[in-house]
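Q: sequence-free structure coming up:
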């Protein structure tokens, strides 16, 4: 029986917001972290290439960490590669989806918003979630890609650009009936305090962290017990990511080497 750590994967450091909720739900479990920061951001890459890349990175990280469970703490990776990962790996894989369902239940006005990256906002998977769980609501979809970089800056100990954050939120404040906002990118809960301070009225902010932690607890039958800082891996060595990992209790990362002979294509380069 595999008694390795729970491995959390994201394109960058956004998955550290999920680490915080996992530690609340599973305080004794050993956690490991890996991110594909060499290819950040994922939203500009071609879908087919991303699936292959995500599977390759996760496969290498699972082997390096001897993980018992893989948590995909990235909406883009989950909506694209979850089935491929589950088919490829022999351990349980927990995915992340925007918290549309709980937001629709929580809203009193029936007007909710999804704040996410453009990749997540525009995916058919997201439209299906809205049609299935929030058909009775007005769901405003707002792409806020610049917030990803601001979250990375914050965790690296650098000042955020408040003007960029404010501009990213501006489309939300056109209707005062909006009462619930889904943080549809794992980077965004890291900014929750700042986002809440910019809202002109009371907003319920909803993310997937607790749901991910509950599901991980269900499938983690025998994770390793935490003993000192967790191990971590990155695909590019940068002091900013190292500092962010340290703040969340991880040791300095090792470099994860991925054989990737095919260069990534920007989504703007794909044929229409």
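A: Thanks, I have the structure now. What you are looking at is a predicted structure, and each value in this text was computed from that prediction instead of being measured.
Q: can you show me the helices along the stretch 51-200 of the chain?
A: For the stretch 51-200 of the chain, the helices defined by DSSP state H, counting those that start in this stretch occupy 75-88, 100-106, 118-121, 124-133, 146-155, 162-169, 192-198.
Q: out of those, flag the one nearest residue 38.
A: helix 146-155 (13.7 Å; Cβ to Cβ). Every C-beta, even on glycine, is put in place using the N, C-alpha and C of the backbone.
Q: where does this structure have its least confident helix or strand?
A: None of the helices or strands of the chain scores lower by mean pLDDT, DSSP states H and E than helix 118-121, at a mean of 87.
Q: list the helices and strands that one packs on?
A: In this structure, helix 118-121 makes packing contacts with helix 75-88, strand 138-143, judged by 3 or more Cβ pairs under 8 Å, 6 or more residues apart in numbering; DSSP states H and E.
Q: residues in contact with residue 224?
A: Taking Cβ atoms under 8 Å, 6 or more residues apart in numbering as the criterion, residue 224 is in contact with 3, 4, 5, 29, 30, 68.
Q: what sits against the closest residue to residue 33 other than its chain neighbours?
A: In this structure, residue 33 finds its nearest non-sequential neighbour in residue 232, 4.4 Å apart by Cβ to Cβ, 6 or more residues apart in numbering. When contacts are counted by Cβ under 8 Å, 6+ apart, residue 232 touches 32, 33, 34, 245, 250, 251, 252, 253, 254.
Q: so which of those comes closest to residue 61?
A: Each of the contacts of residue 232 was scored against residue 61 by Cβ to Cβ, and residue 34 proved nearest at 3.9 Å.
Q: who's the closest one bridged to?
A: Taking DSSP bridges as the rule, residue 34 bridges to residue 9, residue 233.
Q: next, count neighbours for it.
A: 27 (other Cβ atoms under 10 Å).
Q: tell me how far it lies from residue 62.
A: Distance from residue 34 to residue 62, counting by Cβ to Cβ, to the nearest Å: 9 Å.
Q: quick check: neighbours shared by those two?
A: residue 7.
Q: pLDDT below threshold where in this protein?
A: Residues of the chain meeting the criterion pLDDT under 70: 1-2, 260-272.
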